[in-house]
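J.: Dropping a prediction and its sequence here:
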Amino acid sequence: MMGRAPAMVRAARLVIRPLYLAYLGFILAVLYFPFVVMTILSFQGPRGGHTFPLRGVSTIWYWKLFNPGKLTPYSDVGEFLGDYLASLQRSVVLAVITMLISTALALMAAQAFRRGFKGSGLVFYLWLLGIIVPGITVSLGLSLWFRRMDLPLHWLTTGLPVHVMWTLPFSLIIFLMFFNRFDKSLEDAALILGATRWKTFRHVTLPLMQPAILTSLLFAFTLSLDEFQRSLLITGTDQTLPLMVMASVTTRITPTLYALGTLTTLL
């Protein structure tokens, strides 16, 4: 009987391992299939459309991406001539600033919530309003308020506060989850040994928080880069990338969008 058990385990592994690999391969195929299709269509011929079949192979859509507004013999009436790369640059700058501010503010707020204070429960739920209120409502309300205050709409000056309001609750939740499992005895040991609270935070707490900080930075960056509803009415005439893409699909869809998607995915 003892000799049969290892044999049965080996037999089970021979069956389970191929099934596991097949399942993993299926998941990867589902995840990457849209990217593969998008990449193929980005090399559509000059007279090709945004769907199959391919009508030749060319890089003209990449050329148009890097040369916005320039007409070619293959340009059609109604073709969108916006500058995607400029909007991408604005989105990246806005996302980077947003993630830094959100992470810094959320870290300080998490420290306060961790120690507790009077009315912390109410303040916490008020903090979450940024993700509870519908995005289009926030965009419309702040747009009217900015206009009433005679503040010109701009993708950075008026767009930044809105993006921070959106990403800040997520960053706070990330840090609170981290502190929920944090071993406070490490800080107590440093304080007993004579370290000040600042040195304890700098040399003990902060290094242990690196995973949470990185998670907050990446999460806030992704949310800001992809935000559409809250940016719709408060960014002014210089649009971010999601708004530029939406504007392009309302006119005429070309494989330039696929070229843009391919490059941004690879980068």
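T.: Okay, I see it. Residues are numbered from 1 along each chain as shown.

J.: Would you map the helices across the chain?
T.: 4-41, 60-66, 84-115, 120-127, 129-132, 135-148, 159-180, 185-192, 197-200, 206-208, 210-225, 241-249, 256-266 (DSSP state H).

J.: by contact count, what packs against the fourth one?
T.: Taking 3 or more Cβ pairs under 8 Å, 6 or more residues apart in numbering; DSSP states H and E as contact, the helices and strands that helix 120-127 lies on are helix 84-115, helix 159-180. In short, each C-beta sits where N, CA and C put it, glycine included.

J.: any idea which of the ones you listed is most buried?
T.: A comparison of the helices and strands packed on helix 120-127 by mean neighbour count, using mean count of other Cβ atoms under 10 Å, puts helix 159-180 on top with a mean of 21.

J.: helices or strands next to that one in the packing?
T.: Applying 3+ Cβ pairs under 8 Å, 6+ apart, we find helix 159-180 packed against helix 84-115, helix 120-127, helix 129-132, helix 135-148, helix 210-225.

J.: now for those, which one comes closest to Phe170?
T.: Judged by Cβ to Cβ, the one of the helices and strands packed on helix 159-180 that comes nearest to Phe170 is helix 210-225, at 5.5 Å.

J.: mean confidence for stretch 127-135?
T.: Averaged over stretch 127-135, pLDDT sits at 88.

J.: export the helices of the chain to CSV and tack on distance to Thr235?
T.: Output for those, formatted as CSV (distance: least, Cβ to Cβ, whole Å):
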stretch, distance to Thr235
helix 4-41, 26
helix 60-66, 21
helix 84-115, 8
helix 120-127, 24
helix 129-132, 17
helix 135-148, 9
helix 159-180, 5
helix 185-192, 42
helix 197-200, 39
helix 206-208, 34
helix 210-225, 12
helix 241-249, 7
helix 256-266, 19
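
J.: now for the ones you listed, which one comes closest to Arg47?
T.: Smallest distance to Arg47 across the helices of the chain (Cβ to Cβ): 9.9 Å, for helix 60-66.

J.: can you pull the alpha-carbon coordinates of that closest one into PDB?
T.: Provided in PDB are the C-alpha atoms of helix 60-66 (Å, rounded to 0.1, in the frame of the first residue of the first chain):
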ATOM      1  CA  ILE A  60       1.400  54.700 -42.400                       C
ATOM      2  CA  TRP A  61      -0.800  54.800 -39.300                       C
ATOM      3  CA  TYR A  62       2.300  55.000 -37.100                       C
ATOM      4  CA  TRP A  63       3.500  57.800 -39.400                       C
ATOM      5  CA  LYS A  64       0.200  59.700 -39.000                       C
ATOM      6  CA  LEU A  65       0.500  59.200 -35.200                       C
ATOM      7  CA  PHE A  66       3.900  61.000 -35.100                       C
END
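
J.: what's in contact with that helix?
T.: Under the contact criterion Cβ atoms under 8 Å, 6 or more residues apart in numbering, helix 60-66 has outside partners 42-44, 46, 70, 72, 74, 84-85, 254-256, 258-260, 263.

J.: So what's the gap between that helix and the chain middle?
T.: From the chain centre to the centre of helix 60-66 is a distance of 25 Å (Cα atoms, centre = their mean, to the nearest Å).

J.: in that helix, what counts as buried?
T.: Of the residues in helix 60-66, 60-62, 64-65 count as buried by neighbour count, 16 or more other Cβ atoms under 10 Å.

J.: Pull the contacting residues for Leu85.
T.: Going by Cβ under 8 Å, 6+ apart, Leu85 touches 65-66, 68.

J.: and which of these is nearest Ala212?
T.: Ala212 lies nearest to Leu65 out of these, by Cβ to Cβ, at 36.9 Å.

J.: For the residue nearest to the closest one when sequence neighbours are not counted, report the pLDDT, please.
T.: Nearest non-adjacent residue to Leu65, counting by Cβ to Cβ, 6 or more residues apart in numbering: Ala259, 4.9 Å away. With respect to pLDDT, Ala259 scores 91.
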